[in-house]
Structures are given as C-alpha cells and as structure tokens.
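Chemist: What follows is a protein structure lacking sequence information:
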C-alpha cells in the first residue's frame, strides 16, 4: 500500500504535465496571427514561461541540490488571443525538467528546459534568500527569484524575464508559500501563412504582466516533495505543480 500511495501524486503530476503541451501544440500560429492577437498571445506565453520557477521561500543552502519535473497550466486563453481560440485550444500548459544547486551567500542557481514538436525553451535563473536558511517550525523564509528564457519555434521567437518575491512558512510536513511577481515577454513573428498580412514578418509585441501565486509543498518522505499552487497571471487563472528530490 505504501508503494502505491507514494507513486500517486507523482503520477498525477506527470499525466497533467505531459498532457498539457500536447493540447497547446495544436495551435496554428502562422495561419491565425494578426496584429490584434499578437499581444494577447505574448501574455499567455509569458504566463507559461514564468510557471513553477519556485516552490518555497527557502533557499537550498550551500551545496544543496534539487532535481524535479515542474510545470504550469492556464485554464483558458486570454481575451483576444485568437491564435489559440481559433485553433480550438481551451487550456494549455508547459512542463519543465529543472535542476537546482545551492550556492554560497544564500544564493540558488537553476537551469530548466522543455522541447516539444518544434517548440524549444531553454532557461535558468537565480534566487536570493533574504533570511538565514532554517527549517525550524513556524520560521518564515523569504527569497527573491529571477528567471530568464529563450524560445525558438518555426513561426516565432521569444524571450522572457520573470521576477518574484516569495515567502513561505515552515511546518514539519507541509510548507505553504505565496508570491507576487511580474513576467516580461517579447515575441517576434518569423513566418506567416499565405492568407495573412506579409508585413507581420518581423513584427514584435512586448508585455509586462503581474503574477500572483498561492500554494503548498508537501514532503511525504525524506528528500522528496510534491507542490501545487493556484496562480493568477495577467488576470487569468491557472495552476503550478511538480515533484522532485531535494537534498
């Protein structure tokens, strides 16, 4: 029974994260992009790129290590995002493979990546803990998180920068956390369809949108964790989730 229980939440996360990009990949950017839809599409892409960049306000601590699978799901496209809406996309997401390492001076460094049917994302970032690292019960932990991504796709390219202030509270088995941040995203059109305006090639849109996160990390066994959070990014609801090992 313990073996089945221990696999339950990781399997749920894998199913959700693996299924999300398959749905998002159905969008046809080149045939539906226009000047009115480019900025809403950029907002939604930034919401995915900023997902699951943290799951606690506690830094790893020097020589700490974290390896996991994380991701985010947005429950609906933004108003005006006809690229996704005309493609029939109702919800979409993006999973990450992420590796983190604890550095001196309460710094963490991390790298992350995702690749799926022509969409390739590479990113990484730093976190800085404002307080001394501690696992004492009821002890608050606060950090600043920064992340950057480069995106390549056959129809467009993009870059993203995200910044968040994250706080959490220590408990023996669960760590609730909350964060406020911003996603800055820029998308550049590379290719348009035969029926679209050819002057859109080279057109760009830039957005800077707020992100609010409320979640919890559960530690069912030593050195393992599962996290989930409700997220509102650019006023659209969604979820962050993931699991991993942490030393």
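Modeler: Received the coordinates, thanks. Treat the numbers as computed from the prediction; the structure is a model and nothing was measured.

Chemist: CA atoms for contacts and neighbours, from now on please.
Modeler: Will do.

Chemist: Surely residue 136 and residue 175 touch.
Modeler: No: applying C-alpha atoms under 8 Å as the test, residue 136 and residue 175 come out as separate, 11.5 Å apart.

Chemist: the more surrounded of the two?
Modeler: Applying other C-alpha atoms under 10 Å to residue 136 and residue 175 shows that residue 175 carries more neighbours, namely 22 against 11.

Chemist: Just say helix, strand or coil for the more buried one.
Modeler: Secondary structure for residue 175, judged by DSSP: H, G, I helix; E, B strand; the rest coil, is strand.

Chemist: Just list whatever residues bridge to it.
Modeler: residue 217 (DSSP bridges).

Chemist: Show me the shaky parts of the protein.
Modeler: 1-26, 117 (pLDDT under 70).

Chemist: Number of residues surrounding residue 197?
Modeler: Close neighbours of residue 197, defined as other C-alpha under 10 Å, add up to 12.

Chemist: now swap in residue 31 and tell me
Modeler: Using other C-alpha under 10 Å, the number of residues around residue 31 comes to 17.

Chemist: How about it, nearest residue that isn't a chain neighbour?
Modeler: Nearest non-adjacent residue to residue 31, counting by C-alpha to C-alpha, 6 or more residues apart in numbering: residue 193, 4.7 Å away.

Chemist: who's in contact with the one you found?
Modeler: 30-32 (C-alpha atoms under 8 Å, 6 or more residues apart in numbering).

Chemist: Then residue 201?
Modeler: Here residue 201 is in contact with 189-192 (criterion: C-alpha under 8 Å, 6+ apart).

Chemist: Who wins on neighbours among those?
Modeler: Ranked by the number of neighbours (other C-alpha under 10 Å), these place residue 189 first, at 23 neighbours.

Chemist: Mind listing the residues bridging to that one?
Modeler: residue 156.

Chemist: any chance of the contacts of residue 201 in TSV, plus distance to residue 50?
Modeler: Output for the contacts of residue 201, formatted as TSV (distance: C-alpha to C-alpha, whole Å):
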residue	distance to residue 50
189	21
190	23
191	25
192	26
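
Chemist: show me where this structure has helices.
Modeler: 2-24, 29-32, 35-49, 82-85 (DSSP state H).

Chemist: correct me, but residue 198 touches residue 190?
Modeler: No: the criterion here is C-alpha under 8 Å, and residue 198 misses it with residue 190 at 10.4 Å.

Chemist: Contacts only, for residue 153.
Modeler: Contacts for residue 153 (C-alpha under 8 Å, 6+ apart) come out as 118-120.

Chemist: Show me which of those residues are buried.
Modeler: residue 119 (16 or more other C-alpha atoms under 10 Å).

Chemist: now, among the contacts of residue 153, which is nearest to residue 237?
Modeler: Nearest to residue 237, judged by C-alpha to C-alpha, of these is residue 119 at 23.2 Å.

Chemist: ok, that closest one to residue 133 distance?
Modeler: Shown here: residue 119 relative to residue 133, a distance of 37 Å by C-alpha to C-alpha, to the nearest Å.

Chemist: Cheers, nothing more for now.
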